[in-house]
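>>> how would this look folded up:
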Amino acid sequence: MSKPTISLCVIARDEESVLPRCLRSAEHLADQVLLVDTGSSDGTVAVARALGAEVVEFPWRDDFAAARNAGLERCTGDYVLMLDADEWIEHGCDEGTLKKTLEAANEDAFSVVLIDHLDGGGERRYPLVRLFRNRSEYRYRGAIHEQITPSIAQHAGVSEIMPKVSGLAVGHDGYLRERREAKQKPERNLALLRAWVERNPEDPAAHYFLGRELTPMRNGRAVPGAHLREALEHFEWIASHGEGLTPALAADAARLHAAALIGEMRLSEAAAVLSARADDSVACDLLRSDVDMMSASGRKDVLERALARVTACYDRQTRDRGPLSEPALSGPVARAHAAEILGGLHRVEEARALAEEAARMSGAGAAAWNAMVTVAITEANVQGALNLALRAIRADPIDPWAWANLGTLLLMSGKPVDALEPLSNALRLAPGWNEVQRMHAFAADGAQDKIGA
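Next comes the predicted model:
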């Protein structure tokens, strides 16, 4: 029996700078290399052809599934390996080993480990089906956040498939802020997702993906702002009408729903969602501890319950998907959250030691330094807190809490003019953040008074 063949299929537009990395990383695995170009104005097509790829030119029509399916029509291999241009095979098996895996398993769907490389040096890992048998029944669905698994599941007569592990790890740097802004991904994604909901108002997946896009997560918490209020409309719709979601997406929707409610300080509602619909993942336990910490009002028993939840998360295997899948959640993030709670319990030395431990861990970002700011404020050490806030910004210059902390501390120090810039930066990163908007208005009034004086 001959070995199974593999078609590498990539969709791209204006990706000449990263396409060579993608194609060269996977060419040793593929019997056919195919690029679907959706309207490049740079050298993407020429680069692809120079590297031996077949090129399909497909006019962009605001539909990622249509572009991928156009590629599938031209794939000739027994299996298809689907990558984006800003992805690459980071590590895994060689061609012979992969083909032996495909032959031995005789399955239709295989997962890769997708490694999202994030700002601040962090990463998150989660399994995705990117390698699957080439059958005419298997086609992508969804104009954005398109998926192949629903058609595979439908053909198999099941609600959700259990893919085999391929052994491949795929790197992805498209979520780095520089790349997202250069490609205007947030604006593009929101426009496509809103159009999807408008076309299919009864589709729970459309509501889920739009709600997810509107609920950016950093260090286990939703970034505050007006976007959360729109997100909550979709999560509330899912809570009443979302029976059609897969179990994985339903769990993710519940976690994001709770996170958005916490971001809006609707703590009792968040507690109800976590109690009724969410699971016992690390992400959910951190959210439960946030509800306790933010609603404690100084009650020692509630803060100790929050602390117990967080410490139970230390170094647990994270099983979370999508935007809540950061492995740092069970490492530095959990310790940073615990340090904040310890500060509230006035166990300052323990809090400081734990925050410092978190700062030394990979993927800590600004979380550990923000926790140290909280501890310093507990000690009424404003100057020390200012220095720590600056460290947080250096660790992660796009963390909105770090900028908000700096602005707040400058206000506390009687420097409203100096506070305006960091508070403006916080609002740029978290538009519509009510608390920071109020502080910014207060700083602006104070700055005006200083100028008038």
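>>> okay, strands next: where are they in the stretch 51-200 of the chain?
Counting by DSSP state E, counting those that start in this stretch, the stretch 51-200 of the chain has strands at residues 54-57, 79-84, 87-91, 109-117, 123-133, 164-172.
>>> any chance of CSV for those strands, columns mean pLDDT, distance to Pro400 and mean neighbour count?
For every residue, glycine as well, the C-beta is placed using N, CA and C. Conversion of the strands of the stretch 51-200 of the chain to CSV gives the following (pLDDT from 0 to 100; distance: least, C-beta to C-beta, whole Å; neighbours: other C-beta atoms under 10 Å):
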stretch, mean pLDDT, distance to Pro400, mean neighbour count
strand 54-57, 97, 41, 16
strand 79-84, 98, 28, 23
strand 87-91, 94, 28, 19
strand 109-117, 92, 20, 20
strand 123-133, 89, 19, 20
strand 164-172, 95, 23, 19
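>>> and these: which comes nearest Ala253?
strand 123-133 (15.8 Å; C-beta to C-beta).
>>> distance from the closest one to the middle of the chain?
With C-alpha atoms, centre = their mean, to the nearest Å as the basis, strand 123-133 stands 14 Å off its chain's centre.
>>> tell me which other helices or strands that strand touches.
strand 79-84, strand 109-117, helix 149-156, strand 164-172 (3 or more C-beta pairs under 8 Å, 6 or more residues apart in numbering; DSSP states H and E).
>>> give me the contacts around the first one.
Yep, that's strand 79-84 we're talking about. Contact with strand 79-84 is made by 4-12, 22, 26, 29-30, 68, 71-72, 89, 102, 110, 130-134, 148, 170, 172, 174, as judged by C-beta atoms under 8 Å, 6 or more residues apart in numbering.
>>> 6 Å instead?
4, 6-10, 22, 102, 130-134 (C-beta atoms under 6 Å, 6 or more residues apart in numbering).
>>> picking up where we left off before, turn the strands of the stretch 51-200 of the chain into JSON lines, columns for distance to Leu386.
As requested, the strands of the stretch 51-200 of the chain are arranged in JSON lines below (distance: least, C-beta to C-beta, whole Å):
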{"stretch": "strand 54-57", "distance to Leu386": "55"}
{"stretch": "strand 79-84", "distance to Leu386": "42"}
{"stretch": "strand 87-91", "distance to Leu386": "39"}
{"stretch": "strand 109-117", "distance to Leu386": "31"}
{"stretch": "strand 123-133", "distance to Leu386": "30"}
{"stretch": "strand 164-172", "distance to Leu386": "36"}
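>>> Gln154 is nearest to which of the ones you listed?
So among the strands of the stretch 51-200 of the chain, strand 109-117 is nearest, using C-beta to C-beta, at 12.5 Å.
>>> now do that closest one: distance to the chain's middle.
The chain centre lies 14 Å from the centre of strand 109-117; the measure is C-alpha atoms, centre = their mean.
>>> that one pairs with which strands, and in what direction?
In the sheet, strand 109-117 lines up against strand 123-133 (antiparallel), strand 164-172 (parallel) (DSSP bridges).
>>> tilt between that strand and helix 149-156?
Put simply, strand 109-117 runs at 170 degrees to helix 149-156, going by axes from the mean of the first three to the mean of the last three C-alpha atoms, to 10 degrees.
>>> quick one: low-confidence ranges for this protein?
For the chain, applying pLDDT under 70 flags the ranges 1, 120, 318-327, 449-453.
>>> got the domain boundaries for it?
The chain breaks down into these domains under automatic domain parsing: 6-182, 184-330.
>>> gap between the two ends of the first one?
Distance across domain 6-182, first residue to last, is 32 Å (C-alpha to C-alpha, to the nearest Å).
>>> tally of neighbours for Trp369?
Trp369 has 28 neighbours, counted by other C-beta atoms under 10 Å.
>>> comparing the domains of the chain, which comes out most buried?
Neighbour counts (mean count of other C-beta atoms under 10 Å) averaged over each of the domains of the chain peak at domain 184-330, with a mean of 20.
>>> first-to-last residue distance for it?
31 Å.
>>> over to the closest residue to Asp31 other than its chain neighbours: give its phi and psi.
The shortest distance from Asp31 to any non-neighbouring residue, by C-beta to C-beta, 6 or more residues apart in numbering, is to Thr5 (4.2 Å). The phi/psi pair for Thr5 (degrees, to the nearest 10) reads phi -100, psi 160.
>>> Thr5 reaches Gly77, doesn't it?
Yes - using C-beta atoms under 6 Å, Thr5 is in contact with Gly77, at 4.2 Å.
>>> what is in contact with the two at once?
Common neighbours of Thr5 and Gly77 (C-beta under 6 Å, 6+ apart) are Asp31.
>>> so which of the strands of the stretch 51-200 of the chain gets nearest Glu236?
strand 123-133 (25.8 Å).
>>> export the closest one to CSV, keeping only CA atoms.
Extracted C-alpha coordinates of strand 123-133, given in CSV (Å, rounded to 0.1, in the frame of the first residue of the first chain):
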residue,chain,number,x,y,z
GLU,A,123,2.3,32.3,24.5
ARG,A,124,-0.8,30.2,24.6
ARG,A,125,-1.3,26.7,23.3
TYR,A,126,-4.4,24.8,22.2
PRO,A,127,-5.3,22.0,19.9
LEU,A,128,-6.9,22.7,16.5
VAL,A,129,-7.8,20.5,13.6
ARG,A,130,-5.6,21.6,10.7
LEU,A,131,-4.9,18.2,9.2
PHE,A,132,-7.8,16.2,7.7
ARG,A,133,-8.7,13.7,5.0
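>>> what residues does stretch 428-437 touch?
Val223, Pro224, Gly225, Ala226, Ile398, Pro400, Ala404, Leu423, Ala426, Leu427.
>>> can you check stretch 159-168 too?
92-93, 105, 107, 109-112, 129, 131, 149, 152-153, 246.
>>> that stretch: how far from the chain's middle?
The chain centre lies 21 Å from the centre of stretch 159-168; the measure is C-alpha atoms, centre = their mean.
>>> check stretch 286-294 too.
20 Å.
>>> may I have it exported as PDB, CA atoms only?
Taking C-alpha atoms only, stretch 286-294 is exported to PDB below (Å, rounded to 0.1, in the frame of the first residue of the first chain):
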ATOM      1  CA  LEU A 286      -9.500  32.600  38.600                       C
ATOM      2  CA  LEU A 287     -12.700  34.400  37.700                       C
ATOM      3  CA  ARG A 288     -14.500  33.000  40.700                       C
ATOM      4  CA  SER A 289     -11.700  34.300  42.900                       C
ATOM      5  CA  ASP A 290     -12.000  37.700  41.300                       C
ATOM      6  CA  VAL A 291     -15.700  37.800  42.100                       C
ATOM      7  CA  ASP A 292     -14.900  37.000  45.800                       C
ATOM      8  CA  MET A 293     -12.000  39.500  45.900                       C
ATOM      9  CA  MET A 294     -13.900  42.400  44.300                       C
END
